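Student: Predicted structure and sequence below. I'll ask about it afterward.
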Amino acid sequence: MNTNQAVPLGQLNRAFSPPNYELLSVEPELRTPGQDPASTIISVHSSEPPLKDFFVWSMFNTLYLNFCCLGFMALVFSVKARDRKLVGDLNAAQSYGSTAKCLNICALIFSLLLVTLVIILVATGVIIIRRAAMSQDNNSYFPDLFSGN
């Protein structure tokens, strides 16, 4: 037999016969849970919400608002909270998560205050520098610089 000979569509390769599968039996009626003695129903209800580790918030504070490394410390406590949660120590996970939350809040407040202070200083500094530059006394030192008047 030629091994390069093509097999027409619809014919099976007889070297590899299909396996003999056992047909499934059709059940005449559906059973409700609890009727079959071999079935077990386990209902898991959590009365408390899952613990939060504030990992995403800590990453944001670490990358963008890392005032005095508070964002990085929040990230460390967030990772500790996540690790404790995976191990199953929920009390330690809650404690580390709470610490991470406080550090995130402090980092956010201090960073926003710092940004606001810089904006105020730049805005008032620009006004003061402009007034000093436009005054008559400074024009005598730089006559070509302020020739717009």
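Tutor: The structure has been received and is ready for your questions. Note that the coordinates shown come from a computational prediction; the quantities given were computed from them, not determined experimentally.

Student: What segments of the chain are helices?
Tutor: Here the chain has its helices, by DSSP state H, at 55-64, 70-87, 90-134, 136-139.

Student: for those, which one ends up most surrounded?
Tutor: helix 70-87 (a mean of 20; mean count of other Cβ atoms under 10 Å). No exception for glycine: its C-beta is placed from N, CA and C like everyone else's.

Student: Show me what the mean pLDDT comes to for it.
Tutor: Average pLDDT, helix 70-87: 94.

Student: got it, and stretch 48-65?
Tutor: Across stretch 48-65, the per-residue pLDDT values average to 88.

Student: Other residues contacting it?
Tutor: 70-72, 74-75, 77-79, 81-82, 85, 90, 93-94, 96-97, 100-101, 103-104, 107-108, 111-112 (Cβ atoms under 8 Å, 6 or more residues apart in numbering).

Student: same thing but 6 Å
Tutor: 71-72, 74-75, 78, 81-82, 85, 93-94, 97, 100-101, 104, 107, 111 (Cβ atoms under 6 Å, 6 or more residues apart in numbering).
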